[in-house]
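Colleague: need coordinates for the following:
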Amino acid sequence: MTELLLRLFVKDYDHTENPRVRGAYGKLAGIVGIICNLLLCAGKMTVGILSGSVAITADAVNNLSDASSSVVTLVGFKLAERPADDEHPYGHARIEYLTGLAVAALILVIGVEFGKSSVEKIIHPESISFSWVTLAVLVGSILVKLWMALFCNKLGRRIGSAALTATAADSRNDVISTATVLIGCLVGHYFNLQIDGYIGLLVALFIVWSGIGIAKETISPLLGEQADPELVRSISDLILSHEKILGIHDLMVHDYGPGQCFASVHAEMDSRDDPLSCHDVIDDIERDALRDLRVHLVIHFDPIVTDDEELNRMRDLVEKEIRQISPELALHDFRMVRGPGHTNLIFDLVIPFSMNDRKAELKKRIDERVQFEDRRYYTVITFDEAAHNRI
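Modeller: Model prediction:
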């Protein structure tokens with residue numbers, strides 16, 4: 001069914017790297033969600049009113065909120081397609097994250113309101129009527145929502161969309177909540193236990209929990225979460241595949257929404273190489289990154305001295321010392337400034353966040369290791385974040 005819908009409604013659906021195709025995926029998911037959720041809401045609302053079940057009515061309104069969420073998703077993907085302009089030079093792709101946040105807010109409001117209704121039903125319980133029509137509607141809803149979860153999850157994986165993955169998770173949660181409502185109806189009918197209000201409260205709590213989870217998933221990229229490790233590896237492998245690149249560090253990836261990724265990195269190259277030749281290599285890598293990874297990459301050229309015996313010896317000494325301190329430590333940009341009385345060893349030391357309070361201790365230990373009777377060495381250390389150097 002998924003493949004059929006894609007072939008019918010998404011032109012060139014296999015080219016998911018195309019922003020236009022990506023937008024079509026999102027709009028298809030939105031339209032399908034609106035139609036399915038409105039049908040489910042109508043069926044459950046009718047059954048809920050006729051049976052007097054607050055749990056079924058709550059589940060119906062949950063489907064109505066899902067339909068509203070699908071409208072937001074549809075509009076969000078449409079707005080996210082807008083090209084860059086003077087006010088937003090990095091494009092509008094982050095609107096997709098805002099769409100997910102709006103969906104989460106709507107889910108939270110619905111959950112709280114039906115939590116109140118369920119508590120009222122617990123305080124003042126009422127008997128509910130049960131019929132095979134009720135059973136058929138709830139079982140049908142479970143099957144439809146299960147298909148929607150698989151459908152949205154498949155689309156979300158294909159285009160790497162957090163919004164569609166969240167929608168899939170929401171549909172999966174609806175399967176669980178509707179199954180819970182069905183169990184409550186069966187218990188009430190066969191065992192004459194009035195647990196409808198309690199079931200409604202569980203559904204409401206589940207809705208709130210789902211909303212909180214979706215909010216976290218959409219807020220995280222807006223705040224600036226760590227780059228996808230797979231993307232970091234792909235960028236690193238691409239750069240290091242060029243023989244003139246000796247090493248890289250300070251890789252920073254900035255996410256401006258799906259399909260709008262910008263990155264910068266320092267690339268180490270032999271200082272003896274022709275600068276114009278190095279520049280050509282860097283240009284080629286930047287073009288390859290945009291073509292193959294859809295990453296707007298900017299590379300800073302770091303010339304590295306490789307033929308200085310004293311520098312190489314001291315760098316090896318410092319590297320050995322920091323490995324003994326912790327395997328999480330690393331250094332880069334190692335250079336020397338020689339003077340008549342002493343030599344400065346200047347380098348960046350990469351440390352994890354957990355060792356931020358040990359900077360003075362680390363410097364003291366390294367300083368002690370590089371002291372010799374015939375030559376004084378002083379260290380000038382810039383402490384670097386490990387988050388940008390997990391290459």
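Colleague: show me what counts as buried in stretch 339-359.
Modeller: Thr343, Leu345, Phe347, Asp348, Leu349, Val350, Ile351, Met355 (16 or more other CB atoms under 10 Å). For the C-beta atoms, the positions are set from N, CA and C on the backbone; glycine is no exception.
Colleague: quick check: the fourth one is in a strand.
Modeller: Going back to what we said before, that points to Asp348. Yes: counting by DSSP: H, G, I helix; E, B strand; the rest coil, Asp348 is found in a strand.
Colleague: nearest to His266 among the buried residues of stretch 339-359?
Modeller: Nearest to His266 among the buried residues of stretch 339-359 is Asp348, at 9.4 Å by CB to CB.
Colleague: would TSV of the buried residues of stretch 339-359 with distance to Lys244 and pLDDT be doable?
Modeller: Shown next, in TSV, are those (distance: CB to CB, whole Å; pLDDT from 0 to 100):
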residue	distance to Lys244	pLDDT
Thr343	29	90
Leu345	26	93
Phe347	22	92
Asp348	21	91
Leu349	26	91
Val350	23	90
Ile351	29	90
Met355	33	88
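Colleague: hey, where'd the strands end up in the stretch 101-250 of the chain?
Modeller: Here the stretch 101-250 of the chain has its strands, by DSSP state E, counting those that start in this stretch, at 247-255.
Colleague: related to what we said a few turns ago, nearest to His332, of the buried residues of stretch 339-359?
Modeller: Asp348 (5.3 Å).
Colleague: does that closest one touch Leu329 like I think?
Modeller: No: assessed by CB atoms under 8 Å, Asp348 is found out of contact with Leu329, at 11.1 Å.
Colleague: picking up where we left off before, now, which of the buried residues of stretch 339-359 sits nearest Arg22?
Modeller: For the buried residues of stretch 339-359, the nearest to Arg22 is Val350 (35.3 Å; CB to CB).
Colleague: so what's the closest one bridging to?
Modeller: Ala330, Asp384 (DSSP bridges).
Colleague: find the centremost residue of the protein, please.
Modeller: Pro221 (5.8 Å; CA atoms, centre = their mean).
Colleague: state the distance from the closest residue to Phe206 other than its chain neighbours to Ser141.
Modeller: Nearest non-adjacent residue to Phe206, counting by CB to CB, 6 or more residues apart in numbering: Ser177, 5.1 Å away. Going from Ser177 to Ser141 by CB to CB, to the nearest Å gives 10 Å.
Colleague: how about Ala42?
Modeller: To Ser141, Ala42 is 11 Å away according to CB to CB.
Colleague: give the residue from these two that has the larger number of neighbours.
Modeller: Ser141 (28 against 14; other CB atoms under 10 Å).
Colleague: coming back round to it: let me see the contact set for the residue nearest to the centre of the chain.
Modeller: Arg94, Tyr97, Ala162, Asp255 (CB atoms under 8 Å, 6 or more residues apart in numbering).
Colleague: which residues are in contact with Cys278?
Modeller: Cys278 sits next to Lys244, Met269, Phe301 when contact means CB under 8 Å, 6+ apart.
Colleague: try 6 Å
Modeller: Cys278 makes contact with Met269, Phe301, according to CB atoms under 6 Å, 6 or more residues apart in numbering.
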